[in-house]
Structures are given as C-alpha cells and as structure tokens.
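In: Provided below are the primary sequence and the corresponding predicted coordinates.
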Amino acid sequence: KQDTVQLEEQPFDEGSMRLAFRMHDLSMPPGSRSHVAKVFKPGLRCGQEQIWADVEMYEICSSIASAFNSLNPPKKVSFCHCFLISRASSVPRHRRIMFVEPYLRGTFKKYNNNDGWCSGDDRNTPHAFSHFSYEHTRHEMLVVDIQGVGDVYTDPQIHTFDGRGFGRGNLGAQGINTFFATHKCNSICKFLNLPQAHG
C-alpha cells in the first residue's frame, strides 16, 4: 500500500511485547481508515517468525470462533481482520514489518490473560470461548488473552499442550493448567455442554 498510509511517529499504547501506533489507510473509505499498527519492542529481537506466528494465531482463532458461533450461543464472537505492511529499508529494522488491524471503537476490555488472570467482569462469553477452544481442539490448544470491544477480540494468545509454536506467550501445558485453575464455568459453558471445570 505504497504512499497510502499515514503513521503517527509516537506509540499511543504498549503491551508487554509490542508498541501500538495509530495508522490511517488512505486507500480505504473514510469511515474505515483508522487502524492500529503494532511492532515488537526493539530489545526483544523478535523476527519474521514471530510475526507470522501472530498471523497464524489470528487465523486459527477465527476458525475456532466460527465453530463457536455455529452452535448459536447468545452472543457471537469474532477476531479482527489483520494484515502486514512492509516499510522502507531506511526505517529501523524492528519497525519495518508492522502487524495491522482495524481500530476498535468503544470501551476496550481485557477478560483474561495468558497466565491465569481472570477479570472480575460479569461477562460470560469471553471465558466460555476460552474453555470452548480447548474442547474444540481436543485439548491441543487453548485461546487466552481474550480482549477487545464487546465480543470483537484482538491480540489473542494460544497455549499448546506441547508448548510448540505461537511465540513467547505460549506457556504450554502449564498455561493451560493455570487457566483452568482460575476458570469458573458459567451459563455459556453449560449452554455449550462443556465439561465442568473446577477452578
């Protein structure tokens, strides 16, 4: 998208691994131009392998979301559509490839993280979706770091039973066990006929 992107110089937010910049895609209709561009913090030495792991993670999470929605829960979920942009070689190396997703308008909330933390929010759907992901993948994967606006989620993390893939945030079987140590099954878990978890 050469010459069609405006990127703010300073990040407006940051997570444990990434910096987030406001970006406007001028090739899109006026109401759809606002995006968030993310890069890894320079000291982390995360290369293209981590970036592609993030893209794969979004694709898998979107597939699991489709399976979740096919069961007609009271509220359906989705993940932001993401893409990559490559910048000129004159840009510092850690900022040359950026992970981009639409800017979500509304109240942003985080419902759980990759280390067992669970919000005190009374929302059932986000936590039930995490539980569902584990059963749907036959105990191979668990989607955590559920956060976003309403039930449009962004920046997920996947734990795998064997601990392989999906970057540094994949805490493997320990991460899965930590989630279920704090998860309390709710009405959506029951609606989906998920096995009772004892948090």
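Out: That came through fine. Numbering: from 1, shown residues only.

In: can we go C-alpha only for contacts and neighbour counts from here?
Out: Will do.

In: in which helix or strand would I find E135?
Out: Using DSSP states H and E, E135 sits in helix 125-136.

In: Go through that helix and flag the buried ones.
Out: Buried residues in helix 125-136, counted by 16 or more other C-alpha atoms under 10 Å: 125-134.

In: go on, stretch 163-173?
Out: Quick answer for stretch 163-173 (16+ other C-alpha under 10 Å): 163, 165-167, 169-173.

In: What is the most widely separated pair among these?
Out: For these, the maximum inter-member distance is 14.5 Å, found between G167 and A173 (C-alpha to C-alpha).

In: residue boundaries of the strands in the chain?
Out: 5-7, 13-14, 18-25, 34-40, 78-79, 83-86, 97-102, 108-110, 141-144, 147-149, 152-153, 157-160 (DSSP state E).

In: would you put the C-alpha positions of the helix or strand bottoming out on mean pLDDT in the chain in CSV?
Out: Least confident helix or strand of the chain, by mean pLDDT, DSSP states H and E, is strand 83-86 with a mean of 86. Extracted C-alpha coordinates of strand 83-86, given in CSV (Å, rounded to 0.1, in the frame of the first residue of the first chain):
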residue,chain,number,x,y,z
PHE,A,83,-2.6,-7.8,7.7
LEU,A,84,1.0,-6.9,7.4
ILE,A,85,2.7,-3.9,5.9
SER,A,86,6.4,-3.6,4.9
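
In: Give the pairing partners of it; include direction for each.
Out: Sheet pairing of strand 83-86 (DSSP bridges) gives strand 97-102 (antiparallel).

In: Next, the angle strand 34-40 makes with the partner strand.
Out: Counting by axes from the mean of the first three to the mean of the last three C-alpha atoms, to 10 degrees, strand 97-102 lies at 150 degrees to strand 34-40.

In: pLDDT below threshold where in this structure?
Out: 1-3, 46-47, 89-95, 198-199 (pLDDT under 70).

In: how does it look with 80?
Out: 1-3, 16, 43-50, 87-96, 198-199 (pLDDT under 80).

In: Scan it for its longest helix.
Out: Scanning the chain for the helix with the most residues, using DSSP state H, yields helix 48-69.

In: That one packs against which elements?
Out: strand 78-79, helix 125-136 (3 or more C-alpha pairs under 8 Å, 6 or more residues apart in numbering; DSSP states H and E).

In: can you list contacts of the least confident helix or strand of the chain?
Out: Strand 83-86 is contacted from outside by 1, 55, 96-101, using C-alpha atoms under 8 Å, 6 or more residues apart in numbering.

In: List the buried residues of that strand.
Out: Buried residues in strand 83-86 (16+ other C-alpha under 10 Å): none.

In: do the same with stretch 54-64
Out: Neighbour counts over stretch 54-64 (16+ other C-alpha under 10 Å) mark 54-55, 57-59, 61-62, 64 as buried.
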